[in-house]
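A.B. asks: how would this look folded up:
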Amino acid sequence: MTARLLPLLGLLLVAACKQQPPPAAPPSPARANPEKHFLGSAPDGKLHVYFLDVGQGDSALIVSPEGRTVLVDAGPASAVKHLINRLPELLAARLDTVVLTHPAPDHYGALDVVQKITDPVQLIEPQLPENPSEYDGLLTTMGSRQVAIFSPAPNPAKPQELTRIPLGKDVELTVLWPRAPTEPLLTVSSAGDAKSAQHEANSIVLRLTYGKTSVLFAGDARAETEAALMKAGVELSSTVLKVGAHGADVATTEEFLQQVGPQAAIISVNAEAAKALGVPAPATIERLKAVSAHVFRTDENGEVHAVSDGEKFVLTPQKISAGESPSTQYVFSPDDKKLDPIVPLVPLTKAPAEESAKAVPAKGVSAKATQVDLSRFDKVVEVNSKGEERSSRTSKKAKETGDKYYASRHKPIFHKASCPSVKRINPENLVTYNSREEAMKQRKPAGDCRP
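C.D. replies: Got it, this is the predicted structure:
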């Protein structure tokens, strides 16, 4: 009997073992954010600003020489697909800061997804009254995801000082507006949506500086904002201007442009929306041209990449105009701006030197001027550096005996052959003079090399 029971007992034990579930695996540790895969390059010691092509909206990525990153606005919801592909290509690590200039959907619409992709440490927003419920809900979501949210309000201990965000050695992002509660928010009258106009007038306005170069981010700031900044006497001069309000005629006044003095201006627009909304306004374009700013539009030029070494900005648009080399770049130098004042162009075939001298305006030119130098820059396809650089010292005898002098056909000044500025002139724009006397008949001596 016992012999028969033993095999049966063994079978029951085997069956029982098979029915028992395997031991559960230990739970995985919870993670606040999924692993991110960034493809950007390591810091290269230069300042990079990417004016992203997000359609009818705004978004620009700042990468400092040491690799600190700031995203100024997150674009509209329609730009989500583009941003989730483009931002990882530009970032080498998680995003440091997001700045939302004001609560408009074309500036924050893609933030929810952008946050998941870039994992920003902090978010700065103007904390304006009467925000859309969608916007307030988005900020609540950001807080629940451990994104620190700050206001650009001045330090209560030093209310007269501007709020500054250091981005490494010699690089700084300064908040020019708003400055509540030290200064009250602006109130504006508008024939359209008064609440939106109020939000636009109190957009966060930023000035990014690196060495001699600078970028002014105007958000959707209006003429009232510009007037307040000029009245406050804050430093506005900038090499590059991110044009406010997508180029609408409610901003970018002539007086403001005279203070900023931009050499390049970026307008973020969508071609179809631009037609429907009337942006950029023709009057805005004319005012920009009147101060010799070269205009880049994302609907025509795509993304614009600006790189600064602290001395000059080199801008590379994604799309090049017809007939230009695919390697075309644009060089803008604050030093060139000081050397090349805005003056009426002198035709190469006539106009004596004395007429040219009379034409120089004391304080810029009127927006109605049509004969001004509309190109205070030189397009650089490939810098023509053939031949050895000559000595920077040209003797008086050489000047008298007919040494060659050079100019850009777009500028009212001429240079010595040995001047470094000559190398930056596109060969297509190069004008050659066989003597100083010949050059003086049509142009003025440059201030850098004093020919």
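A.B. asks: quick one: what helix or strand has Met142 in it?
C.D. replies: Applying DSSP states H and E as the criterion places Met142 in helix 133-144.
A.B. asks: equivalent analysis for Leu288, please.
C.D. replies: Leu288 belongs to helix 282-290, assigned by DSSP H and E.
A.B. asks: run through the helices of the stretch 101-250 of the chain in chain order.
C.D. replies: Remark: helices assigned in the stretch 101-250 of the chain by DSSP state H, counting those that start in this stretch are 105-108, 111-118, 133-144, 194-201, 223-232.
A.B. asks: contacts for the helix holding Met142?
C.D. replies: Residues outside helix 133-144 that contact it (Cβ atoms under 8 Å, 6 or more residues apart in numbering) are Pro103, Pro105, Tyr108, Leu111, Asp112, Gln115, Leu123, Glu125, Ile149. C-beta: built from backbone N, CA, C; applies to glycine.
A.B. asks: now do 10 Å
C.D. replies: 74, 98, 100, 102-105, 107-109, 111-112, 115, 120, 122-123, 125, 127-128, 131-132, 147-149, 199 (Cβ atoms under 10 Å, 6 or more residues apart in numbering).
A.B. asks: what's the answer for stretch 163-173, then?
C.D. replies: Counting by Cβ under 10 Å, 6+ apart, 43, 47, 62-70, 72, 96-97, 99, 122, 124, 150-155, 174-176, 179, 204, 206-211, 214-215, 217, 308, 310 sit against stretch 163-173.
A.B. asks: give me the buried subset of the residues you listed.
C.D. replies: 47, 62-65, 67-70, 72, 96-97, 99, 122, 124, 151-154, 174-176, 179, 204, 206-210, 214-215, 217, 308, 310 (16 or more other Cβ atoms under 10 Å).
A.B. asks: the next helix or strand after the helix holding Leu288 - what's its average pLDDT?
C.D. replies: Downstream of helix 282-290, the next assigned helix or strand under DSSP H and E is strand 294-297. For strand 294-297, mean pLDDT is 95.
A.B. asks: can I get strand 294-297 as CSV, trimmed to CA atoms?
C.D. replies: Extracted C-alpha coordinates of strand 294-297, given in CSV (Å, rounded to 0.1, in the frame of the first residue of the first chain):
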residue,chain,number,x,y,z
HIS,A,294,19.1,93.3,-43.2
VAL,A,295,15.7,91.5,-42.7
PHE,A,296,15.5,87.7,-42.4
ARG,A,297,12.0,86.1,-42.4
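A.B. asks: what's in contact with the next helix or strand after that strand?
C.D. replies: The helix or strand immediately downstream of strand 294-297 is helix 298-301, counting by DSSP H and E. With contacts defined as Cβ under 10 Å, 6+ apart, helix 298-301 is touched by 51-59, 246, 266-275, 279-280, 295, 304, 315-321.
A.B. asks: among the residues you listed, which are located in helices?
C.D. replies: Ala271, Glu272, Ala273, Ala274, Lys275 (DSSP state H).
A.B. asks: one step back: of the contacts of helix 298-301, grab the buried ones for ChimeraX.
C.D. replies: Filtering these down to the buried ones (16+ other Cβ under 10 Å) takes a single ChimeraX command:
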select :51,52,53,54,55,56,57,58,59,246,266,267,268,269,270,273,274,279,280,295,304,315,317,320
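A.B. asks: show me which residues of the host helix or strand of Phe256 are buried.
C.D. replies: Secondary structure assignment for Phe256, by DSSP H and E: helix 254-260. Residues of helix 254-260 classed as buried by neighbour count (16+ other Cβ under 10 Å): Glu254, Phe256, Leu257, Gln258, Gln259, Val260.
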